[in-house]
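# Model the structure of this input:
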Amino acid sequence: MDEKTKRLAFAVLEFLQATHASDKVADDEKESLDVAMQCLQDVFKVDLDDAEQQALFSMKPASLMSVFDVYLKTKAASDAKARAVPAAAVAAASAAPRNVSDEDKKRAEDLKAQGNKLVAERKFPEAVAKYTDAIALNPNNAVYFSNRAAAYSQAGQHDKAIDDAKQAAVVDPTFSKAYSRLGHAYYATGRFQEAHDAYAKGLELDPSNKTMRQAMLQAKAKLPAVTEPADNDEDEDSLDATPRAAPGARGMPDLGALGGAGGLAGLLNNPNLMQMAQQMMASNPGLARMAQQMMGGGAGGAGGAASGGAGGAGGAPNIAELMNNPAMMEMAAQAMSNPDVMNNLAGLMGNRGGAGGPGGN
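This next block holds a predicted model:
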């Protein structure tokens, strides 16, 4: 193993040793550090206690942490400088389009091609620099801002990508890819509504772009479901059209799927249910009398059968009229809470097929 690698391993071990001696690690966790240090010494063939190796590899009086601090400060300064360059370029591009010579246009295209190659090689900072140079030569080309936005996104610098994508749309409002870049950057930062809106704008410009449409749907799926308040008039119409079950009918099963009926009102107009009700009234004179009373004391007995048109034993009243009576509908709702009635109804609905079909003969 080469000397540079051993020096790095030795520096890591010194850092772990200093951490072990500090109060940053709980006593019950120091054993894990001991094991880690022993494993590292075995792998890299170094020994913290060896005086010769200490002379060769030790960073003291410096430390790995101090070197890391220098790196962080350098990176912060570099990032600040990088942020200043795009800001200046954006400001320049925001001004009125300037005349660009053919030579500068060609040089800018060459720089863009170099940037594209660097992106393919995943050298994103270098690609950003090439696109920045291209923008400086020709700030009238939205593609350069769009490509730099893509490079920023690949590097995880999504806020910068948002700025560049917006600027690309300013330079050329008809450039759909600017909105695709913008949507991607918004999505990556968790701003799903903005991402959805950006993709939607891009699709207005390029309706056949399947990739952008799929991205918009993905952003939409991340949005919380919004239930819009119903119109008051619609509420009133719905309430007027829907019979209310009596308090005793709470917990009644959903009947809307039985026999294709549309809720309780549909069930009461179902021929199979009407037949069952006919049979119930024929076999239960008390129920028939109750129905007649709710109808206003209509004809009963044998005479009622003749005048009602649907009479049966016990003088059951006209079933079609009963089915349209709100009071009878409420009584039917109560009946539906009876398990025996529900079983009979389910049997009827299961045997409604024609000859040769389900439930047929």
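# so where's the stretch 151-300 of the chain uncertain?
Applying pLDDT under 70 to the stretch 151-300 of the chain picks out residues 225-277, 279-300.
# So which residues of it form strands?
In the stretch 151-300 of the chain, no strands are defined using DSSP state E, counting those that start in this stretch.
# And Gln193, how close does it get to Lys106?
Going from Gln193 to Lys106 by CB to CB, to the nearest Å gives 41 Å. Yep, even glycine has a C-beta here, placed from its N, CA and C like the rest.
# correction: Leu13
Distance, Leu13 to Lys106, by CB to CB: 56 Å.
# swap in Pro224?
Distance of Pro224 to Lys106, given as CB to CB: 50 Å.
# Give me the more crowded residue out of the two.
Lys106 (12 against 6; other CB atoms under 10 Å).
# Helix or strand: which one has the more buried one?
Assessed by DSSP states H and E, Lys106 sits inside helix 102-120.
# next SSE after that helix?
The C-terminal neighbour of helix 102-120 among helices and strands, as given by DSSP H and E, is helix 124-137.
# Now do the buried residues in that following helix.
Residues of helix 124-137 classed as buried: 124, 127-137 (neighbour count, 16 or more other CB atoms under 10 Å).
# average model confidence for that helix?
The pLDDT scores in helix 124-137 average 95.
# Downstream of the helix or strand containing His20, the next helix or strand is which one?
Using DSSP H and E, His20 sits within helix 3-21. The helix or strand immediately downstream of helix 3-21 is helix 27-44, counting by DSSP H and E.
# Quick check: buried residues in the helix or strand following that next one?
For helix 27-44, the following helix or strand on the C-terminal side (DSSP H and E) is helix 51-57. Judged by neighbour count using 16+ other CB under 10 Å, the buried positions of helix 51-57 are 53, 57.
# what residues does helix 51-57 touch?
3, 6-7, 10-11, 46-48 (CB atoms under 8 Å, 6 or more residues apart in numbering).
# Show me which of these are buried.
With burial judged by 16+ other CB under 10 Å, the buried subset of the contacts of helix 51-57 is 6-7, 10-11, 46, 48.
# Tabulate those (JSON lines), appending distance to Asn116.
Listed next are the buried ones among the contacts of helix 51-57 as JSON lines, based on distance: CB to CB, whole Å:
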{"residue": "Lys6", "distance to Asn116": "41"}
{"residue": "Arg7", "distance to Asn116": "39"}
{"residue": "Phe10", "distance to Asn116": "43"}
{"residue": "Ala11", "distance to Asn116": "39"}
{"residue": "Val46", "distance to Asn116": "45"}
{"residue": "Leu48", "distance to Asn116": "49"}
